[in-house]
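Novice: Turn this into a model:
(one chain, ligands or ions: 2)
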Amino acid sequence: MTRQRDTGGMFISFEGIDGSGKSTQARLLADRLTAAGHDVILTREPGGSPGAEEIRALVLQGEPDRWSAQTELLLFTAARRDHLERTIRPALAAGKVVICDRFADSSRMYQGLRGGMRREVDALHSLMIGIEPDLTVLVDMAPADGLARAKSRATVEERFEDFGIALQEEMRAGFLDLAREFPDRICTIDGARGIQAVSDDVYETVAARL
Ligand code: ADP
Ligand code: TYD
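Specialist: Ligands and ions are numbered 1, 2, ... in the order given. Just a heads-up that it's a prediction; the model follows:
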């Protein structure tokens, strides 16, 4: 694995099912690290650079069957490549802490597990992306709780959130399997608690590695 910390920077991603609190926790961690004097950038996938945000709109808006599953995987990978080139690598080279709301583990789960294309996901990742975060925070919680939270948000980006409980259970189990596959990188945090309690746990986990 590429060690971003060799440059002084650190690459942290947040993963989990829809509505688990990733965005909330990523933002709180960014605030706390900034207050502690770190140079932090908060970013997200798909998106995080102007080109990748354009691809985000292509892939998350419009008719659900607009793209085949294979084309969609290519679009997520293209967005990630642009994000890496324009945002993540320059920030790490400048010694910053990069906090990313979703990264390649989301492709491993959504396109890999759910879409049955894990082999293709891994092949594209090693060909075109090639780096992993130094630390991935998996915000774990029961899908029923996550779905209730997600549904309370009305957005145009609905298509990926309309899976239903059974599929979200499968995704949760898949993320927990992934944490076992990458035990040195992925830390699982219990997300079914108050925002502050989760945030304290996340901060301790990150501080121990900074
Ligand atoms: P995600 O990025 O994983 O989809 P968000 O951070 O956007 O999740 O959170 C989804 C919704 O749940 C938001 O309305 C947010 O304010 C709320 N929320 C986040 N964390 C908690 C928590 N620990 N307890 C209760 N509500 C939460
Ligand atoms: P996002 O809006 O960040 O999800 P959330 O509802 O958790 O806030 O991401 C939009 C959707 O994109 C989400 O359902 C997961 C999906 N996605 C993939 O399918 N593959 C990927 O590689 C990424 C980064 C996201």
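Novice: Would you mind giving the secondary structure of Leu74?
Specialist: helix (DSSP: H, G, I helix; E, B strand; the rest coil).
Novice: Could you tell me the model confidence score at the closest residue to it other than its chain neighbours?
Specialist: Leaving aside its chain neighbours, Leu74 sits nearest to Leu124 (7.6 Å; criterion: C-beta to C-beta, 6 or more residues apart in numbering). Bear in mind the C-beta positions are built from the backbone N, C-alpha and C, glycine included. For Leu124, the model assigns a pLDDT of 98.
Novice: The helix or strand containing Leu124 packs against which elements?
Specialist: Using DSSP states H and E, Leu124 falls within helix 118-124. Applying 3 or more C-beta pairs under 8 Å, 6 or more residues apart in numbering; DSSP states H and E, we find helix 118-124 packed against helix 69-83.
Novice: Go through the helix or strand that the helix it packs on is followed by and flag the buried ones.
Specialist: Going down the chain from helix 69-83, the next helix or strand is helix 89-93, by DSSP H and E. Across helix 89-93, burial judged by 16 or more other C-beta atoms under 10 Å covers 89, 91-92.
Novice: who touches helix 89-93?
Specialist: With C-beta atoms under 8 Å, 6 or more residues apart in numbering as the test, helix 89-93 has contacts from 4, 7, 9-11, 41, 98.
Novice: hmm, which two among those residues are most spread apart?
Specialist: Thr7 and Ile41 (14.1 Å; C-beta to C-beta).
Novice: higher neighbour count, these two?
Specialist: Ile41 (19 against 15; other C-beta atoms under 10 Å).
Novice: Secondary structure element holding that one?
Specialist: With DSSP H and E as criterion, Ile41 is part of strand 40-44.
Novice: pLDDT of that strand, averaged?
Specialist: On average, strand 40-44 scores 98.
Novice: That strand and ligand 1, are they touching?
Specialist: No: using C-beta under 6 Å from any ligand atom, we find that strand 40-44 stays clear of ligand 1, coming within 8.7 Å at best.
Novice: what angle sits between the helix or strand that that strand is followed by and strand 40-44?
Specialist: Counting by DSSP H and E, the next helix or strand C-terminal to strand 40-44 is helix 50-60. In terms of direction (axes from the mean of the first three to the mean of the last three C-alpha atoms, to 10 degrees), helix 50-60 departs from strand 40-44 by 30 degrees.
Novice: buried residues in helix 50-60?
Specialist: In helix 50-60, counting by 16+ other C-beta under 10 Å, buried: 51-52, 55-56, 58-60.
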